[in-house]
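>>> this is a predicted model, with the sequence first.
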Amino acid sequence: MTTIALSNTTVSSRVLPVVAAAFVGMALLFVGTISQAAVLHDASHDTRHAVVAPCH
C-alpha cells in the first residue's frame, strides 16, 4: 500500500493560483458588466490625484 503525504506548501501552492484567478475573473466581470463608466473614471481620476500624477 502506498501512502501519499501532501505538505502544506504543496496544497497552498495549488490553492493560491485558483484564488487569484477567481479574483481576477470576478473583477473583470464587475468592470465589464456591473460598474458604470463614470464610476470607473472618477476612481482612476482620484487615484491619479492621490499619487500626485498630472491628469489634466
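Nice, thanks for sending it over.
>>> helices along the protein, start to end?
Using DSSP state H, the helices of the chain run over 8-29, 37-50.
>>> export those helices to JSON lines and append columns for distance to T2.
Glycine gets a C-beta too; all of them are placed from N, C-alpha and C. Output for the helices of the chain, formatted as JSON lines (distance: least, CB to CB, whole Å):
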{"stretch": "helix 8-29", "distance to T2": "17"}
{"stretch": "helix 37-50", "distance to T2": "53"}
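>>> I'd like those written out as JSON lines, with mean neighbour count and mean pLDDT added.
Formatted as JSON lines, the helices of the chain follow (neighbours: other CB atoms under 10 Å; pLDDT from 0 to 100):
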{"stretch": "helix 8-29", "mean neighbour count": "10", "mean pLDDT": "86"}
{"stretch": "helix 37-50", "mean neighbour count": "10", "mean pLDDT": "85"}
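>>> for stretch 32-42, C-alpha coordinates in CSV please.
C-alpha atoms of stretch 32-42 as CSV (Å, rounded to 0.1, in the frame of the first residue of the first chain):
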residue,chain,number,x,y,z
GLY,A,32,-17.4,44.8,-17.7
THR,A,33,-21.0,44.4,-16.6
ILE,A,34,-21.9,46.0,-13.3
SER,A,35,-19.9,49.2,-12.9
GLN,A,36,-20.7,52.4,-14.7
ALA,A,37,-18.2,54.3,-16.8
ALA,A,38,-18.5,57.4,-14.7
VAL,A,39,-17.6,55.5,-11.5
LEU,A,40,-14.5,54.0,-13.2
HIS,A,41,-13.5,57.4,-14.5
ASP,A,42,-13.9,59.0,-11.0
